[in-house]
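**Q** could you work out the structure for the sequence below:
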Amino acid sequence: MRLPADSHVHSEFSWDTGGPTSAARGTMEATCARAVRIGLPALFFTEHLDLEDAWISDPEDFDDHERHLLGPDGVVTVPRFDVDGYFESIERCRAAFPQLRIGTGLEFGQPHLRTEAARQQLDLDRFDRIIGSLHTLEFEGDRAEPNTLFRRLPAGEVIRRYLADVPQLVAGDEPFEIVTHLDYAIRYWPEEQVGPFDPRSFEEEFRAAMRAIAGSGRALEMNTRRLWPWMAQWWSEEGGRAVSFGSDSHAPHTLAHGFPEATAMLEAVGFRPGADPRDLWRR
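**A** Residues are numbered from 1 along each chain as shown. Have a look, this model is predicted:
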């Protein structure tokens, strides 16, 4: 079966890859070459658009190539997205890889809080696909990511706070069609301190978040960094009608990771591909 598009891919134009002027973890050109080698028909370069005034973090939450973004006061600041450079690179890659369908995109962090600021910086209508992410949560007057909050709050409370914010993320008409990595906070679950993550302990919270996403008419990303059969099952049971597939790749070798398994998992609960590999899968 033909693979679907990878709708969540990063290149040197995302701040957490190191940037165009450093030894980036993965360039746009190298990722396109990898896509052709593995037979991926299409992808979207969804670069990070993070317009927080700032958020707090701990040094251990950053890899070496991004640690310079953390100030001595624990506040993170990220560089402005290079829109012109990004589109120039897209056009070069489209010319170099004509057999690959290359879509433009953004991974917009906290779009429900920052759409007005985004529109002041760039034309959101230029992008083929915008995916919405919840990366940070409010904490004591600041914002912080789950990995940082797990050192400050009980583990279960972090998960519940994250899922409780999802209805606010999708309540408005902000211009994003897909909610990414609903399991984002689970990535940092402190298993060594509290034991393995058990989704059954948070089932109603996950289902409530999914109902809010489905009610907004948006799709849910099946993020293939880690596959959760319960995610697909609960999404279908809570009225979810559409899904995308996203590897959240930041380096060429992780492009489309887990896609054969993910497509089988979604087919098992009734989702089917469209005529174009860039189409969302629907049921």
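
**Q** use CA for all of it now, contacts and neighbours both
**A** Noted.

**Q** for the spatially closest residue to His253 that is not a sequence neighbour, phi and psi?
**A** Leaving aside its chain neighbours, His253 sits nearest to Arg34 (7.3 Å; criterion: CA to CA, 6 or more residues apart in numbering). Main-chain torsions, Arg34, degrees, to the nearest 10: phi -60, psi -40.

**Q** pLDDT wise, what is Arg34 at?
**A** pLDDT for Arg34: 97.

**Q** and if you look at the one 5 residues further on?
**A** Turning to Gly39, the model gives it a pLDDT of 97.

**Q** now swap in the one 4 residues further on and tell me
**A** For Leu43, the model assigns a pLDDT of 98.

**Q** before we move on, what about the one 4 residues further on?
**A** On the pLDDT scale, Glu47 is placed at 97.

**Q** circling back: so who does the residue nearest to His253 touch?
**A** By CA atoms under 8 Å, 6 or more residues apart in numbering, the residues touching Arg34 are 252-253, 255.

**Q** between the residues you listed, which has the most around it?
**A** Highest neighbour count within those, by other CA atoms under 10 Å: Leu255, with 25 neighbours.

**Q** do you know how far the residue nearest to His253 is from Glu261?
**A** 19 Å (CA to CA, to the nearest Å).

**Q** check Arg119 too.
**A** Counting by CA to CA - Arg119 and Glu261 are separated by 37 Å.

**Q** same check on Ser57?
**A** Counting by CA to CA, the gap from Ser57 to Glu261 is 34 Å.

**Q** where do the strands sit along the stretch 51-200 of the chain?
**A** Assigned by DSSP state E, counting those that start in this stretch, the stretch 51-200 of the chain shows strands spanning 55-56, 75-76, 101-109, 129-133, 137-139, 142-144, 178-179.

**Q** having no further points to raise, I will conclude here.
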